[in-house]
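1. My questions are about this predicted structure, shown below with the sequence.
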Number of protein chains: 2
Amino acid sequence: MKIRAERDDMSAIERRIADFILTEAHLLRDYSSQQLANALKISQSSVVKFSQKLGFKGYPDLKYSIGESLARNESSDADLPVRPEGKDSHAVLAENLWHFKSLAEQETRLINPPAKLDLIADLIDNANKVFIIGLGEDGILARAFTMRLTLLQIDTALHCDTAQMTTRISMATPGDVLLLFSEYGQQLPLCRIGRQMQEQNGKVVAVTRHNANPVRALSDESLLVSAHDDRIHIEPLLYQAALRHLLDTLFMILCEKKPDQLVDYASNLDRIKDLHNQ
Amino acid sequence: MKIRAERDDMSAIERRIADFILTEAHLLRDYSSQQLANALKISQSSVVKFSQKLGFKGYPDLKYSIGESLARNESSDADLPVRPEGKDSHAVLAENLWHFKSLAEQETRLINPPAKLDLIADLIDNANKVFIIGLGEDGILARAFTMRLTLLQIDTALHCDTAQMTTRISMATPGDVLLLFSEYGQQLPLCRIGRQMQEQNGKVVAVTRHNANPVRALSDESLLVSAHDDRIHIEPLLYQAALRHLLDTLFMILCEKKPDQLVDYASNLDRIKDLHNQ
DNA sequence: TTAACGAAGCATAAAGTATTGACGATGACT
DNA sequence: AGTCATCGTCAATACTTTATGCTTCGTTAA
């Protein structure tokens, strides 16, 4: 459901509405926009505006859609007999986790429309040089993506260190791109680097969670991830899986744009393989 | 659908309505009662009466139900959509990739039975120290897994460099574990390190593709990955996704074994977040 | 500080829905 | 055949619900 994905980006009231719809969807059937508003102690117009913001024609249209997806879900619930919540075999554990990863991936796909990915792919493709930075866990996916780009013969510089990056950026030319990996987007040093990049007429792309945060606010474009779980130790797994997939998609788009590099790509891969084999 | 049953004892006009709903259900979404009446050249009130007669509260209620049952039916159709092979929108591209990742994950799950994962989790849990090595792309997941273990307060040393690792291993004690990340398992330097580890009575776990290879042959235990695709640039993506999931699963198993560490885990995560925020 | 923006509410216009009552057709009983 | 009851339909209208324009308020950027 699209609502779940957009949830992060909403104001307090909108989130109230979203949560109600997500948790009490079944009640919605006999709620008019006014009743829903009353239940949430907000104005009826807020409900309508909420609906429209999500791209529905109006409240009835939203309601209709909720009905649909509700029906869809419960009919597929019947397919998978009983969600085996208990701590069964680890196979179930693994399957379950994959299920949640899939959900995160879907949500993430919804908030990153193809047009945007295309645009970002173009930015990267046309840049003289691509700069990438990511600290801590963010660094891992940053590194992985750097490798991919390098294999595609795109000149890419990775740093896990703000100091180094600052000096590097000072050499950026217009048209260069900086990718800021930051799950929560709160890192102020990264913001500084982003601004520095913009002063030199470079583009800044944020790679972050889909909520309001400084890094995203500053960026020219952004890759957004939606991934949630109550279990604190699971949530990062979902974030990483969803983001990885988003980056993989971007990579595939780049591959399409550079079919000739793809040939070299293969031989590069082979060369690397041999490299370590003595 | 109830309508179909009742259709027999209806008046002419009512049957017209019923037939329209049954055949053109998809149009109904954007029809008001008035529009429907116009389309059928009947009065709006007839439409409403018809709805009520069938037991709905009114026309919107009927419409809602139609939407539901429409969704239910098409969702079971949609389970097996025609696999859209052509290079459509990038959304399809992404969806398709995810599909293949899922397949790889499934295959991978099948060749790593829960008992084996349990055993490896125990090895890690009981080790004084865990050593991890992975070169190139293998290094990325090695690093990610190292971070997870460290957050669980497991003493873990990562190296992306065989020379350093050799000296490190010389300090290993019996009961320690070495994880060798090597997609193709051909790297002889890694084999040497593995043997060194065994000479010191440590355990060696290979993390590699599910085929015969030197690294796997040498190891005491192995985490195996199955991931295939004709497109040379896609295969690594599948390998990484499947392996990542396997490691995530292992991580979850470890979490279960160390429920107390899980509490610290959360605070560690927070601490790391703050760390970078100035 | 002011300008600019967005979020939320209120009031109200517009749209949509339900009810009423009138009319004609049908069919049953006298 | 005549009368009456019933049903289905419609037009008019009362009512409900939804959408929109306008105002206010709080936040952000200049």
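-> On my side now, so go ahead.

2. how many neighbours does the nearest residue to residue A:202 once chain neighbours are set aside have?
-> Computed as CB to CB, 6 or more residues apart in numbering or on different chains, the closest residue to residue A:202 that is not its neighbour in sequence is residue A:176, at 4.4 Å. Bear in mind the C-beta positions are built from the backbone N, C-alpha and C, glycine included. By other CB atoms under 10 Å in any protein chain shown, the residues close to residue A:176 number 22.

3. right, and residue A:176 touches residue A:124 too?
-> No: between residue A:176 and residue A:124 there is no contact under CB atoms under 8 Å: 10.1 Å.

4. element containing residue A:205?
-> Counting by DSSP states H and E, the element that carries residue A:205 is strand A:203-209.

5. Tell me how far the residue in the stretch 151-278 of chain A that DNA strand C sits nearest to lies from chain B.
-> Using CB to the nearest atom of the strand, the single residue of the stretch 151-278 of chain A nearest to DNA strand C is residue A:212, 10.0 Å away. Residue A:212 is 16 Å from chain B, where distance means CB to the nearest CB, to the nearest Å.

6. So which bits of the stretch 51-200 of chain A are right by DNA strand C?
-> Within the stretch 51-200 of chain A, no position lies close to DNA strand C (CB under 7 Å from any atom of the strand).

7. Tell me who's in contact with the residue nearest to the spatial centre of chain A.
-> Nearest to the geometric centre of chain A sits residue A:225, at 1.9 Å (CA atoms, centre = their mean). With contact set as CB atoms under 8 Å, 6 or more residues apart in numbering or on different chains, residue A:225 has these partners: A:104, A:108, A:183, A:207-210, A:239, A:242-243, A:246.

8. coming back round to it: quick check: buried residues in the strand holding residue A:205?
-> Of the residues in strand A:203-209, A:203-209 count as buried by neighbour count, 16 or more other CB atoms under 10 Å in any protein chain shown.

9. any chance of the residues you listed in JSON lines, plus distance to DNA strand C and pLDDT?
-> Listed next are those as JSON lines, based on distance: CB to the nearest atom of the strand, whole Å; pLDDT from 0 to 100:
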{"residue": "A:203", "distance to DNA strand C": "22", "pLDDT": "89"}
{"residue": "A:204", "distance to DNA strand C": "20", "pLDDT": "90"}
{"residue": "A:205", "distance to DNA strand C": "21", "pLDDT": "92"}
{"residue": "A:206", "distance to DNA strand C": "19", "pLDDT": "91"}
{"residue": "A:207", "distance to DNA strand C": "23", "pLDDT": "93"}
{"residue": "A:208", "distance to DNA strand C": "19", "pLDDT": "91"}
{"residue": "A:209", "distance to DNA strand C": "18", "pLDDT": "90"}
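
10. can you tell me the residue of the stretch 151-278 of chain A closest to DNA strand D?
-> Residue nearest to DNA strand D within the stretch 151-278 of chain A: residue A:217 (6.5 Å; CB to the nearest atom of the strand).

11. mind giving me the domain ranges of chain A?
-> Domain assignment for chain A by automatic domain parsing gives A:2-82, A:114-275.

12. which one of those is the most hemmed in?
-> Scoring the domains of chain A by mean neighbour count under mean count of other CB atoms under 10 Å in any protein chain shown gives domain A:114-275 as the most buried, with a mean of 19.

13. so who does the spatially closest residue to residue A:165 that is not a sequence neighbour touch?
-> Distance criterion CB to CB, 6+ apart; nearest residue to residue A:165, sequence neighbours excluded, is residue A:159 at 4.1 Å. By CB under 8 Å, 6+ apart, residue A:159 lies in contact with A:131-133, A:165, A:168.

14. quick one: average confidence on the helix or strand containing residue A:117?
-> Residue A:117 belongs to helix A:114-126 when assigned by DSSP H and E. Regarding helix A:114-126, the rounded mean pLDDT is 90.

15. One more: stretch A:143-154?
-> 92.

16. Check whether it comes into contact with chain B.
-> Yes: using CB under 8 Å from any CB of the partner chain, stretch A:143-154 reaches chain B at A:143-144, A:147.

17. Can you tell me which of those is nearest residue A:10?
-> The shortest approach to residue A:10 among these belongs to residue A:144, at 30.8 Å (CB to CB).

18. just checking, the closest one touches residue A:250?
-> No: using CB under 8 Å, residue A:144 is not in contact with residue A:250; the gap is 12.0 Å.

19. Contacts only, for residue A:259.
-> When the contact criterion is CB under 8 Å, 6+ apart, residue A:259 has no partners at all.

20. Report pLDDT for it.
-> 75.

21. so which of the residues of stretch A:143-154 next to chain B comes closest to residue A:69?
-> Nearest to residue A:69 out of the residues of stretch A:143-154 next to chain B is residue A:144 (CB to CB; 33.6 Å).

22. That closest one belongs to a helix?
-> Yes: Residue A:144 forms part of a helix when assessed by DSSP: H, G, I helix; E, B strand; the rest coil.

23. Kindly provide the distance from it to residue A:121.
-> Per CB to CB, to the nearest Å, residue A:144 is found 17 Å from residue A:121.

24. Also residue A:156?
-> 14 Å.

25. beta partners of the residue nearest to the centre of chain A?
-> Under DSSP bridges, the beta-bridge partners of residue A:225 are residue A:209.

26. Tell me the confidence at it?
-> Looking at residue A:225, its pLDDT stands at 91.

27. And residue A:67, by the same measure?
-> 86.

28. After the helix or strand containing it, which helix or strand is next?
-> If you go by DSSP H and E, residue A:67 is part of helix A:59-77. Counting by DSSP H and E, the next helix or strand C-terminal to helix A:59-77 is helix A:90-110.

29. So which elements touch that next one?
-> Packing partners of helix A:90-110 (3 or more CB pairs under 8 Å, 6 or more residues apart in numbering or on different chains; DSSP states H and E): helix A:2-6, strand A:221-225, helix A:235-257, helix B:90-110, helix B:114-126, helix B:235-257.

30. Name the residues of that helix that come out as buried.
-> Residues of helix A:90-110 classed as buried: A:90, A:93-98, A:100-110 (neighbour count, 16+ other CB under 10 Å).

31. For residue A:97, which non-adjacent residue is closest in space?
-> Counting by CB to CB, 6+ apart, residue A:97 lies nearest to residue B:248, which is 6.1 Å off, once chain neighbours are set aside.

32. Actually, residue A:224.
-> Once flanking residues are discounted, residue A:224 sits nearest to residue A:210: 4.0 Å by CB to CB, 6+ apart.

33. For that neighbour, give me the backbone phi and psi.
-> phi -80, psi 70 (degrees, to the nearest 10).
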